[in-house]
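S.K.: Prediction below, plus the sequence it came from.
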Amino acid sequence: TTHEYTFVVSNAFFECFENSLIEKGNAKIEVILTKSETLISTQFQIKGEIELICDRSLEPFNQEIESTNNMLFKFGDTWEELSDEIVVIPRDQQRLNVSQFIYEFICLNIPMKKIHPKLRDQNDVGIIYSSKEEIEENKNNDPRWDKLKGLIK
């Protein structure tokens, strides 16, 4: 049996989670739930935006989010998380609260570096790796090295 549900989350949703990584946001979540005798297979399709604080300027900005996540709920004796994607639920469970999973899936959309869009085009200071061959090749093409080599002779 397949069922489809649509949820809309807003700021009030994120306020329900203590020490939430997200305070403001809006998203539409479509859940496709397929139930069999031994398990419930779910697919969460999330699309919306969340407000983040820029790591550089500390200005708030909206980050678009979009993801598809799958979960399996197996029927067993007691509630138990087997992995990030598999949870055992009691056989007599009549309702399934998926709000914690939705929150976690939305949090997975937070980028490691939260950079305001207006700062993203600026050059980031990064580490540049050059191979030994590239260094030697650049030495051979640089006229300053030629002058230094002339001093040695």
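M.R.: Now that the structure is in, tell me what you want to look at.

S.K.: Every contact and neighbour count from this point should use C-alpha atoms.
M.R.: Noted.

S.K.: So in that sheet, which strands flank the longest strand anywhere in the chain, and in what orientation?
M.R.: Among all segments of the chain classified by DSSP state E, the strand with the greatest residue count is strand 60-76. On the basis of DSSP bridges, the sheet neighbours of strand 60-76 come out as strand 39-53 (antiparallel), strand 86-90 (parallel).

S.K.: Model confidence for the nearest residue to Lys24 once chain neighbours are set aside, exactly?
M.R.: What sits nearest to Lys24 in space, not counting adjacent residues and going by CA to CA, 6 or more residues apart in numbering, is Asn11, at 4.7 Å. According to the prediction, Asn11 has pLDDT 95.

S.K.: Test my guess that Asn11 contacts Phe17.
M.R.: No. If you go by CA atoms under 8 Å, Asn11 and Phe17 don't touch, sitting 10.8 Å apart.

S.K.: Assign Ala12 to helix, strand or coil.
M.R.: Each residue gets one of three states, and Ala12 gets helix by DSSP: H, G, I helix; E, B strand; the rest coil.

S.K.: Great, nothing more from me.
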